[in-house]
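**Student:** structure for this input, please:
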Amino acid sequence: MGDGLYGVSEGHEHGPAELCEAGLDLYGQALREGRIPAEDSDHVPCLLDFGLLRADDKDPRWLRPLAPTLALPRLLHESARDIARRRHDEARLAEAFEPLLALDGLSESVTEVPGIGLLTGFDRINEAISLAMDEARDELLTIQPGGKRSPVRLRDVGLPREQRLLSRGCRIRTLYQDTTRHDLGVVAHFEQLTGDVQVRTLDEVTKRLLIVDRSVAFLPASEDRTRALEIRQPALVSFLATVFDRLWRLATPMYPEAVRVPSTDGVTPRQRAIARLLVEGHTDSAIADRLGLNIRTARLHIAKLAAQLGSESRAQLGYLIGRSGILERQPEP
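**Tutor:** Next up, the predicted model:
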């Protein structure tokens, strides 16, 4: 028998989210009858491993069931801990491989792929983007993830080349994260442009992406954005444009006319997004990163959500979120 929730007996390995049918049947029998003979659990040792059955204090020949109201939060808590451990292991593995991937020679491998080029340095990247935008005849699609764009760069670089594109009759569609909805600097930037400009927001967006005329795409090739990929391979550009189109349909208009998404049953859209990530087992820092928030703001929203649902612990919060149905209810625009 194992020594913990996931230490299940050999030959009978599964997690609490995968309880076997025989185990569930026996657990139900124990609940109905109040106790069962200890030998009845020999073929389903998972019930003892998960703590769903415990030896009778007065007579070890019998097993008594743990109440479901206690068992479920415990299993959910352990499941969340297991997910967090797996996420941590993935992060450590990715961190360990990061310098090895750099040694693999990105620049050499990229240049061997037809239709994909590696741009190095901010000046070279901006030059290539400006050239592509000056040749545009239809549209510019961009995704801007969390974090504010430099006002100086928006004024000195972004504004002139975007206006030249609009002056030729092209349109601009931009996706931001929801954290940008109240950024007056971003709104002021678009108000200076004359032409067909539309901006929408989502809780989560992809990494930075720019697509010109659905024929060339630019995306970062390093975290500090000092390297970028210029993609002219038709199938890849078409795929990226399709991803943009599908995210665009899910997004909420911000400019030129903003649409406010109301709260439902006292739960705001931001809290609903946080609730979804909590149920998936993400840590506070991961939630903040995914939604473009600082960690203090993320924790404030989590605390408000816990108070709204009457939760007293992280494990109970996940259970209450699932039971409340807030993830299924979508507010009407």
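**Student:** which segments of this structure make up each domain?
**Tutor:** 1-104, 107-255, 269-324 (automatic domain parsing).
**Student:** okay, those, which one's buried deepest?
**Tutor:** A comparison of the domains of the chain by mean neighbour count, using mean count of other CB atoms under 10 Å, puts domain 269-324 on top with a mean of 18. (Each C-beta comes from the backbone N, C-alpha and C, glycine too.)
**Student:** mean confidence score for that one?
**Tutor:** For domain 269-324, mean pLDDT rounds to 79.
**Student:** can I assume Leu31 is in contact with Pro68?
**Tutor:** Yes: using CB atoms under 8 Å, Leu31 makes contact with Pro68 at a distance of 7.2 Å.
**Student:** is it correct that Thr174 falls within a helix?
**Tutor:** No: using DSSP: H, G, I helix; E, B strand; the rest coil, the secondary structure at Thr174 is strand, not a helix.
**Student:** where does it land on pLDDT?
**Tutor:** Note on Thr174: pLDDT of 94.
**Student:** ok, it - contacts?
**Tutor:** The contact partners of Thr174, taken as CB atoms under 8 Å, 6 or more residues apart in numbering, are 141-144, 197-200.
**Student:** spatially central residue for this protein, please.
**Tutor:** The residue lying closest to the centre of the chain (CA atoms, centre = their mean) is Arg290, at 5.2 Å.
**Student:** surely that residue is within a helix?
**Tutor:** Yes: Arg290: assigned to a helix according to three-state DSSP.
**Student:** what bits of the protein have low per-residue confidence?
**Tutor:** When residues are selected by pLDDT under 70, those of the chain lie in 1-18, 99-112, 146-157, 182, 184, 260-266, 327-333.
**Student:** now find how far off-centre the helix ranked longest in it is within its chain.
**Tutor:** Criterion DSSP state H: the longest helix present in the chain is helix 68-103. Relative to its chain's centre, helix 68-103 lies at 15 Å (CA atoms, centre = their mean, to the nearest Å).
**Student:** and that helix, what other elements does it pack with?
**Tutor:** Counting contacts by 3 or more CB pairs under 8 Å, 6 or more residues apart in numbering; DSSP states H and E, helix 68-103 packs against helix 314-324.
**Student:** my guess is Leu47 contacts Ala38, does it?
**Tutor:** No: if you go by CB under 8 Å, Leu47 and Ala38 don't touch, sitting 11.1 Å apart.
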